[in-house]
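>>> Whatever this is, show me its structure:
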Amino acid sequence: MRKSWVVFALLGAAGLVRPVAAQRELYTVRGVVRDTEGRVVPDVEITMEAPNRASRTDARGFFRLDSIPEGKRRLRARRIGYLAVNPVVLVPRLDTDTLQVIMLELPQQLEAIEVRVERKGIYGVVGDTAYHALPGTLVELLGARLADTTDEQGRFAFEEIKDYRHFVLRVSRVGYYGRLISVDHDKGREFSIFLSEYQKGSFDWANSREAGGALADLATRLAMEPRRTRMTREELARYGTMALCEIPRIRSQAGRNPAVIMRGATWMRSATLCAWTADQVDLLEWGGDPCKEAYKSIAQVLSIWCGPSAGRMVPSLYATIPERRPGYVVVWPRS
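Predicted coordinates:
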């Protein structure tokens, strides 16, 4: 009887070995970092918090993280001059499956200083990073169809604003990177805005031709769409470093896997909202059906046909059935 009990115990112990060994199996995550133009980005810091791992991309943009346990892991990719992203990777991955990380080039800017004032309206001063005033700078208030040019002291003013609304300030000047700043107007706001000098060869989206159309459409949405379809910097601030995909309000209204559109003009086909945190974003817009957006500009970006299908030879990517149209989120990163 004793011998049989020992054999049984040994067999039981042997049966426990395999699950424990399986739990300890570790994997490798390989990836490559590119910018939105498809160019590789070297010297990007790649980190993982749980477990703690770190790497840097090589001259070809590739990185490797070893000894990663099975499960869903969040990475963080950072480099000066680019917007940090937080992709989520499911481990294990196929040996031939290379994680594609897309980073948005972003010129370094001093944070705008904002104070609340008693008088109604939106006011401010525009200067360079050496704190010199920049007279003659164009300041537009998107969503209100107002524009002003800074005076000799670099000051601007929009005084005839009485209702509580959300706007976006667009600040542009030749030879400097443009700025976009979301504004919640209630009792009055005053801004100190700093512009960085333009570096030849870099991309200045806020002053690009693409921005012209995207910002015009944004101005229309700000004026016509309800506030419940967007979140401003002030509203996002309460979520700190939470990933956008984890914010309940966005998940419930835009769906779990919405199409991600960068700055109202570029469809990030392989991107997910988990790649951005709330503190990296100035403004978020969303919807459950692109064809319900005021000017159908979002539907155009997603190649969706919102009209009747009769006589149409080539069907749209998502067809015209409302139930099959994707939810979408427009990401406007801080600038």
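
>>> What pairs with the host helix or strand of Glu140, parallel or antiparallel?
Using DSSP states H and E, Glu140 falls within strand 138-142. Strands adjacent to strand 138-142 in the sheet, as given by DSSP bridges, are strand 146-149 (antiparallel), strand 165-172 (antiparallel).

>>> Now the weakest link among those strands, please, by mean pLDDT.
Ranked by mean pLDDT, the strands paired with strand 138-142 bottom out at strand 165-172, with a mean of 91.

>>> buried sites along it?
166-172 (16 or more other Cβ atoms under 10 Å). Bear in mind the C-beta positions are built from the backbone N, C-alpha and C, glycine included.

>>> what would the residues you listed look like in CSV with distance to Gln153?
As requested, those are exported to CSV (distance: Cβ to Cβ, whole Å):
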residue, distance to Gln153
His166, 28
Phe167, 23
Val168, 24
Leu169, 18
Arg170, 20
Val171, 15
Ser172, 19
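
>>> quick one, helices of the stretch 1-150 of the chain?
2-23 (DSSP state H, counting those that start in this stretch).

>>> Please enumerate the strands of it.
26-35, 45-48, 53-56, 62-69, 71-78, 82-83, 88-91, 99-105, 113-116, 122-128, 138-142, 146-149 (DSSP state E, counting those that start in this stretch).

>>> how about these, which one is nearest Ser192?
strand 113-116 (4.0 Å; Cβ to Cβ).

>>> Can you get me the start-to-end distance on stretch 229-241?
21 Å (Cα to Cα, to the nearest Å).

>>> now stretch 177-193
Taking Cα to Cα, the first and last residues of stretch 177-193 lie 12 Å apart.

>>> Return the distance of it from the chain's centre.
19 Å (Cα atoms, centre = their mean, to the nearest Å).

>>> Could I get the buried residue list for that stretch?
Applying 16+ other Cβ under 10 Å to stretch 177-193 flags 177-183, 185, 188-193 as buried.

>>> how about a markdown table for those, with secondary structure and distance to Met242 added?
Listed next are the buried residues of stretch 177-193 as a markdown table, based on DSSP: H, G, I helix; E, B strand; the rest coil; distance: Cβ to Cβ, whole Å:
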| residue | secondary structure | distance to Met242 |
| --- | --- | --- |
| Tyr177 | coil | 28 |
| Gly178 | coil | 28 |
| Arg179 | strand | 25 |
| Leu180 | strand | 22 |
| Ile181 | strand | 22 |
| Ser182 | strand | 18 |
| Val183 | strand | 23 |
| His185 | strand | 26 |
| Gly188 | coil | 30 |
| Arg189 | strand | 25 |
| Glu190 | strand | 29 |
| Phe191 | strand | 26 |
| Ser192 | strand | 28 |
| Ile193 | strand | 27 |
